[in-house]
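Undergrad: Okay, predicted coordinates and the sequence, questions at the end:
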Amino acid sequence: MTLAPSAATVSQLGDARTGKLADNLTGFGRTLRRAGVRVDAARMALAQQAVMLVGMQRQDFAAALETVLVSREQDRLVFRELFDAYFKNPNVAQKLLAQMMPSAESKAEPVKRRPRVSEALAPVRAARNAPPREEDKVDFDAAMSASDVQRLRQADFNQLSASEYRLVAQLAREIPLPLPDFAARRTRPGARGSRPHWPGAMHQAARTGGEFLRVPLLQRRRQPLPLLALVDVSGSMERYARLLLAFLHAATAPRRAGALRRDVFAFGTGLTDLTPAFRLADTDAMLEAASHAIDDFAGGTRMGESLRSLRLRHARRLVGRRTLVLLITDGLDTGAPELLGQELAWLRRHCARLLWLNPLLRFEGYVPAARGASVLHREAHGMLAVHNLSRLQDLAGSLAAVLRQ
């Protein structure tokens, strides 16, 4: 049952449909949306109702908005920083009671905010005719300086602002990923080989009056290793997952990788087959199809159960123990480590190499001390970093080096 605000509350706060309080809340909602928080019209309507019910005490006001506007754990700190910055005047409760505009000037000590928060607040500062801080300026175009390019190549994906993230996502799609190849069973005519190609020799002899001037040879075809990628889409991997899915789709496209066999799965609390989505030629269309297919995005991580689903339902995706398996995760698993160890041991026995691509390697001195991370470190053939553009560009060479071991 929906609770209607009392007449006293309405008279105290003013008419939310025509007063400035509604404008303030709408502006705050737009700021949250610029920062990547999922806010729609329905949530904004709930926010106005919640404010009318709880009153204008600052703590209650913030808690009510956070309850109805935030649905993901990773957005809570972003919301709180934005709330403090947007309603930064210490007398905000009294000003809101008088239906204030959030443009009251006040002095505040500069604080270091998340890039998402800084960029979301930039239009608000511009509307207040205040110059943005140096950390809020984002001006990347086709004429980027060498220092800008170098900074982006080394920047951690999780620390990028929204504009930088979009730019880096586009740059990541241009990075190639040549996979190591192997000698297939099928043959083709070539200059070097172990067996003569008699049909080809007869064709050539027919052109020279029956004389065998040269006998072509058969050599084994070279094909890239089959690829199976498992991408963690839990909350801690959200920003990495989106960008790495786009990178994998573009880098392993038929126009670049030829007749590469690739299978891609997303896992969080369950396993999702993204191979049909990866058959789409356009990367943006693939991401949209993947978002519809994944129903546990930004949730928890149960890697052992997901790998068990892979073994029971998709074991044939591992081709003749020649498949290169890329497990993209931070290793923060919430499932049973015994189950994870069993499934990783099975996966290791049925593939050519099991490589762990770990974004937490961005931290100097990182040690896989978590339960899932320690099991994964023990079973994987190697651990590689994938937290910035530079690491993605070096990934092909790193894969080749691990496969030679």
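TA: Received the coordinates, thanks. For clarity, every value in this text was computed on a predicted model and none was experimentally measured. Numbering: from 1, shown residues only.
Undergrad: Could you give the average pLDDT over stretch 174-187?
TA: The predicted model assigns stretch 174-187 a mean pLDDT of 80.
Undergrad: so how far is L227 from I294?
TA: I294 sits 20 Å away from L227, going by CB to CB, to the nearest Å. Using the backbone N, CA and C atoms, a C-beta is placed for each residue, glycine as well.
Undergrad: Show me the strands in the stretch 201-350 of the chain, by range?
TA: 217-224, 227-232, 262-267, 271-273, 324-328 (DSSP state E, counting those that start in this stretch).
Undergrad: Show me what the first one is packed up against.
TA: Contact partners of strand 217-224 among helices and strands, from 3 or more CB pairs under 8 Å, 6 or more residues apart in numbering; DSSP states H and E: strand 181-190, strand 195-196.
Undergrad: would a markdown table of those with distance to L217 and mean neighbour count be doable?
TA: Shown next, in a markdown table, are the helices and strands packed on strand 217-224 (distance: least, CB to CB, whole Å; neighbours: other CB atoms under 10 Å):
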| stretch | distance to L217 | mean neighbour count |
| --- | --- | --- |
| strand 181-190 | 6 | 12 |
| strand 195-196 | 6 | 10 |
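Undergrad: Just to be sure, E174 is in a strand?
TA: No: E174 sits outside any strand when classified using DSSP: H, G, I helix; E, B strand; the rest coil, being coil.
Undergrad: Correct me if wrong: it contacts A250.
TA: Yes: the criterion here is CB atoms under 8 Å, and E174 meets it with A250 at 7.4 Å.
Undergrad: Looking at those two, which is more packed in?
TA: Counted by other CB atoms under 10 Å, E174 and A250 do not tie: A250 has more neighbours, with 19 against 11.
Undergrad: Hmm, that one is touching L171, no?
TA: No: using CB under 8 Å, A250 is not in contact with L171, being 10.6 Å away.
Undergrad: how about the helices and strands packed on strand 217-224 in JSON lines, adding distance to L354?
TA: Compiled in JSON lines, the helices and strands packed on strand 217-224 are given as follows (distance: least, CB to CB, whole Å):
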{"stretch": "strand 181-190", "distance to L354": "17"}
{"stretch": "strand 195-196", "distance to L354": "35"}
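Undergrad: Quick check: which of the ones you listed is nearest to L392?
TA: Closest approach to L392 among the helices and strands packed on strand 217-224 is made by strand 181-190 (20.5 Å; CB to CB).
Undergrad: From the contact counts, what lies against the closest one?
TA: Counting by 3+ CB pairs under 8 Å, 6+ apart, the packing neighbours recorded for strand 181-190 are strand 217-224.
Undergrad: List the strands paired with the strand it packs on, with their directions.
TA: strand 181-190 (antiparallel), strand 195-196 (antiparallel) (DSSP bridges).
Undergrad: Let me know which of those strands is the nearest to A285.
TA: strand 181-190 (28.8 Å).
Undergrad: centre of the chain versus that closest one, how much separation?
TA: From the chain centre to the centre of strand 181-190 is a distance of 36 Å (CA atoms, centre = their mean, to the nearest Å).
Undergrad: what's the answer for stretch 254-274, then?
TA: For stretch 254-274, the distance to the chain centre is 15 Å (CA atoms, centre = their mean).
Undergrad: Kindly report the same for stretch 164-174.
TA: 12 Å.
Undergrad: One more: stretch 365-381?
TA: Between the centre of stretch 365-381 and the centre of its host chain there is 21 Å, according to CA atoms, centre = their mean.
Undergrad: CA-only coordinates of that stretch, as CSV, when you get a sec.
TA: Output in CSV follows, covering the C-alpha atoms of stretch 365-381 (Å, rounded to 0.1, in the frame of the first residue of the first chain):
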residue,chain,number,x,y,z
GLY,A,365,53.4,-6.7,-4.5
TYR,A,366,50.0,-8.4,-5.1
VAL,A,367,49.7,-11.8,-3.5
PRO,A,368,46.7,-14.1,-4.3
ALA,A,369,45.9,-14.6,-0.7
ALA,A,370,42.1,-15.0,-1.0
ARG,A,371,40.8,-18.5,-0.9
GLY,A,372,39.6,-18.6,-4.5
ALA,A,373,42.7,-16.7,-5.8
SER,A,374,45.1,-19.1,-4.1
VAL,A,375,43.4,-22.1,-5.7
LEU,A,376,43.3,-20.4,-9.1
HIS,A,377,47.0,-19.5,-8.8
ARG,A,378,47.9,-23.1,-8.0
GLU,A,379,46.0,-24.6,-10.9
ALA,A,380,46.6,-22.0,-13.7
HIS,A,381,49.6,-22.3,-16.0
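Undergrad: Name the residues that touch it?
TA: With contact meaning CB atoms under 8 Å, 6 or more residues apart in numbering, stretch 365-381 is reached by 301, 303, 327, 329-335, 337, 340-341, 344-345, 347-348, 353-356, 358, 360, 383, 402, 405.
Undergrad: quick one on the thing from earlier: determine which of the strands paired with strand 217-224 approaches G27 most closely.
TA: Nearest of the strands paired with strand 217-224 (CB to CB): strand 181-190, 55.9 Å.
Undergrad: returning to that earlier point: for F212, which of the helices and strands packed on strand 217-224 is the nearest?
TA: Using CB to CB, the helices and strands packed on strand 217-224 put strand 195-196 closest to F212, at 10.1 Å.
Undergrad: And for that closest one, what's in contact with it?
TA: By CB under 8 Å, 6+ apart, the surrounding residues in contact with strand 195-196 are T187, V215, P216, L217, L218.
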